[in-house]
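Chemist: sequence? don't have it. structure:
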Ligand SMILES: Cc1ncc(COP(=O)(O)O)c(C=O)c1O
């Protein structure tokens, strides 16, 4: 362990982390959850940047040359993002302007404080209607590409290098667990957003010889396989450890799903309860991250999957001080959202119910006609659904080439293969609603039977209905765009140059695929 600390000393850092954060028992909460012991790892007590685990990653990330010498930092996140507020706090401390790009989500009390702080101290704030709007209007920010305005902080401040801060955290906890009295801890719980904290922690614990799982509770609804992403992050963190001259050991990392509820930043009753539990202990529990993670722990405790857990308190301390007049510094839409905040908006009706309801309504008015479509079906979508994708693509992407259009349905179909059955039900309802909902919008025609211009008009009209109509229009648009962005033809529009290597590095390109010397297959790892 000492060797890692010594090796880690060579990694440039801002110096925001001084000494370990406390690991404290929480007997009352343990009793409430029905576990024998519960320990809290209090990262909220970091003195710098108002605390929170994010400080560990920022300490390494922002000390990298590219960030040290950048004229400004650019950061994106939800409108009340703690990560954005932490970067803004770091910018304030390091005298660096921060440009914030915020997409809308419901705003609870905790996240309203983050927003007020961000508005107070960020050099600029740009607002987006949702995540997709951000991806479409500011792809360089989402893809962390170089920007004229400054260097982009990756989502969640997670980079291979920054995860070293969390590897060190894992070793720090290991040392505390080895010194602790009482029954040994059997699992570590924490929220999982970008996944960098959980991955780094798991690698660090394993490196220190602690053989318990890190259980990462998903708080975001990812389209793409979160397991694969998490394990890729583990491999990246392990590679960084190797670069420091050390040998990683196989780690235990488990993903807990089913606690996101209707979506990222949308509170659930279990998350609100978890947040309230933490507030009682003087911790700034909130329903976006920590509340959902504690809900995951509670469910595992009820199922007998943990008796002696550690809960990692990743959130910052309460009480971020805004600057007077911060509200006027926000774009008008966000200012209205902030004014209305304080009370958490109730979770909206679930997407599934809205879609199924709309599809049922279409059936009731006798509009369901699903025959007369040419061609074979795909793996997930039937031939009429593939036709809907093509028709939507033709309407939404007027400059797409014929080949690009032909490829769209297959891409959407392949993408949906990774969806669990419950989500596929929603997708089928979505296609049904698009194809059949036109009676409500532009007359009794199938969507695919309309001209491209009328399809666009129909989508606009459905969207204008709000509620389920808006959901349908947006969902089909997002699916089509996701497929479109996979096409090289689309890349110039989003400033992506493709997965290419420069001519200079071509002779060694296959070297990158070789395992570093000393690696063994996972199954043979000691
Ligand atoms: C309070 C809190 N907990 C946990 C996380 C998730 O960390 P990660 O993105 O490394 O998964 C975040 C990320 O923003 C956070 O703000």
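Modeler: Perfect, I can see it now. Bear in mind that the values here come from a model prediction, so they are computed numbers and not experimental data.

Chemist: From here on, just use CA atoms for contacts and neighbour counts.
Modeler: Fine.

Chemist: Quick check: end-to-end length of stretch 212-227?
Modeler: Its first and final residues considered, stretch 212-227 spans 18 Å by CA to CA, to the nearest Å.

Chemist: again with stretch 446-455
Modeler: The distance separating the two terminal residues of stretch 446-455, taken as CA to CA, comes to 10 Å.

Chemist: Let me know the average pLDDT across that stretch.
Modeler: What stretch 446-455 shows for mean pLDDT is 87.

Chemist: interface residues of the stretch 201-350 of the chain facing the ligand?
Modeler: By CA under 6 Å from any ligand atom, the part of the stretch 201-350 of the chain that sits against the ligand consists of 289, 314-315.

Chemist: most surrounded residue in those residues?
Modeler: Highest neighbour count within these, by other CA atoms under 10 Å: residue 289, with 28 neighbours.

Chemist: So it sits against residue 191, correct?
Modeler: Yes - in terms of CA atoms under 8 Å, residue 289 counts as a neighbour of residue 191; the distance is 5.6 Å.

Chemist: Show me whatever sits in contact with both of these two.
Modeler: Jointly contacting residue 289 and residue 191 under the rule CA atoms under 8 Å, 6 or more residues apart in numbering are residue 219.

Chemist: Mean pLDDT per helix and strand in the chain: which one sits at the bottom?
Modeler: Considering only helices and strands, the least confidently modelled element of the chain by mean pLDDT, DSSP states H and E is helix 438-441, at a mean of 54.

Chemist: can you list the domains in the chain?
Modeler: Following automatic domain parsing, one gets these domains for the chain: 2-53+161-313, 63-152+326-337, 351-493.

Chemist: and residue 511, which of these is closest to it?
Modeler: Of all these, it is domain 2-53+161-313 that lies closest to residue 511, at 14.5 Å by CA to CA.

Chemist: what's the average pLDDT for the closest one?
Modeler: If you average the pLDDT over domain 2-53+161-313, you get 93.

Chemist: Any residues of the stretch 1-150 of the chain in contact with the ligand? List them.
Modeler: If contacts are counted using CA under 6 Å from any ligand atom, the residues of the stretch 1-150 of the chain sitting beside the ligand are 82-83.

Chemist: now do 8 Å
Modeler: With CA under 8 Å from any ligand atom as the criterion, the stretch 1-150 of the chain meets the ligand at residues 52-54, 81-83.

Chemist: Closest one of these to residue 184?
Modeler: For these, the closest approach to residue 184 (CA to CA) belongs to residue 53, at 23.3 Å.

Chemist: isn't that closest one right up against residue 289?
Modeler: No - under the criterion of CA under 8 Å, residue 53 lies out of contact with residue 289, with a separation of 12.0 Å.

Chemist: intersection of neighbour lists for these two?
Modeler: When contacts are counted by CA under 8 Å, 6+ apart, residue 53 and residue 289 are jointly contacted by residue 315.

Chemist: check contacts around whatever residue of the stretch 301-450 of the chain ends up closest to the ligand.
Modeler: Across the stretch 301-450 of the chain, the shortest distance to the ligand (CA to the nearest ligand atom) belongs to residue 315, at 3.6 Å. Each residue near residue 315 by CA under 8 Å, 6+ apart is listed here: 43-44, 51-53, 82, 284-285, 289-290.

Chemist: Which residues does the strand or helix carrying residue 117 contact?
Modeler: Per DSSP states H and E: residue 117 is located in helix 109-121. When contacts are taken as CA under 8 Å, 6+ apart, the neighbours of helix 109-121 outside the stretch itself are 79-82, 84-85, 88-89, 92, 100, 125, 284, 286, 318-327, 329-330, 338, 341-344.

Chemist: These in strands, which ones?
Modeler: If you go by DSSP state E, the contacts of helix 109-121 have 100, 125 in strands.

Chemist: What about the contacts of helix 109-121, which are in helices?
Modeler: Assigned to helices by DSSP state H, the following of those qualify: 82, 84-85, 88-89, 92, 338.

Chemist: List only those of the contacts of helix 109-121 flagged as buried.
Modeler: The neighbour count (16 or more other CA atoms under 10 Å) marks 79-82, 84-85, 88-89, 92, 100, 125, 284, 286, 318, 320, 322, 326-327, 329-330, 338, 341, 344 as buried among the contacts of helix 109-121.

Chemist: sorry, back to before: pull the most distant pair out of the contacts of residue 315.
Modeler: Looking at these by CA to CA, the two members farthest from one another are 51 and 289, with 15.0 Å of separation.

Chemist: Max pairwise distance over the residues of the stretch 1-150 of the chain next to the ligand: which two?
Modeler: Every pair of these checked by CA to CA; the farthest is 53 and 81, at 13.7 Å.

Chemist: Spell out which parts of the stretch 401-526 of the chain neighbour the ligand.
Modeler: Listed as neighbours of the ligand in the stretch 401-526 of the chain under the rule CA under 8 Å from any ligand atom: no residues.

Chemist: any weak-confidence spans in the stretch 401-526 of the chain?
Modeler: Within the stretch 401-526 of the chain, the stretches with pLDDT under 70 are 437-444, 465-468, 500-510.

Chemist: 50 instead, please
Modeler: The stretch 401-526 of the chain contains residues with pLDDT under 50 at 439.

Chemist: quick one, helices of it?
Modeler: Shown for the stretch 401-526 of the chain, the helices assigned by DSSP state H, counting those that start in this stretch span residues 402-416, 421-436, 438-441, 452-464, 467-484, 491-494.

Chemist: how about those, which one is nearest residue 268?
Modeler: With distances scored as CA to CA, the stretch of the helices of the stretch 401-526 of the chain nearest to residue 268 is helix 421-436 (18.8 Å).

Chemist: Give the other helices and strands that the closest one contacts.
Modeler: If you count contacts as 3 or more CA pairs under 8 Å, 6 or more residues apart in numbering; DSSP states H and E, helix 421-436 packs onto helix 351-364, helix 383-396, helix 467-484.

Chemist: could you redo the last one with a cut-off of 6 Å?
Modeler: helix 351-364 (3 or more CA pairs under 6 Å, 6 or more residues apart in numbering; DSSP states H and E).

Chemist: Now do the helix it packs on, average pLDDT.
Modeler: Averaged across helix 351-364, pLDDT comes to 60.

Chemist: going forward, begin numbering at 47 instead of 1
Modeler: Right, with 47 as the first residue, what we last looked at is helix 397-410.

Chemist: What is the neighbour count of the residue lying closest to residue 319 once chain neighbours are set aside?
Modeler: The spatially closest residue to residue 319, leaving aside those adjacent along the chain, is residue 337, at 7.0 Å (CA to CA, 6 or more residues apart in numbering). Using other CA under 10 Å as the criterion, residue 337 is surrounded by 30 other residues.

Chemist: Now do the strand or helix carrying residue 274: everything it contacts.
Modeler: For residue 274, the element it lies in under DSSP H and E is helix 272-289. In this structure, residues lying in contact with helix 272-289 by CA atoms under 6 Å, 6 or more residues apart in numbering are 206, 241, 245, 294.

Chemist: which one of these has the most neighbours?
Modeler: For the contacts of helix 272-289, neighbours were counted using other CA under 10 Å, and residue 245 has the most, 33 neighbours in all.

Chemist: Make sure that residue is indeed in a helix.
Modeler: Yes - under DSSP: H, G, I helix; E, B strand; the rest coil, residue 245 sits within a helix.

Chemist: How much space separates the residue nearest to residue 319 from residue 498?
Modeler: Separation of residue 337 from residue 498 (CA to CA): 46 Å.

Chemist: and if you look at residue 166?
Modeler: Residue 166 is 45 Å from residue 498, where distance means CA to CA.
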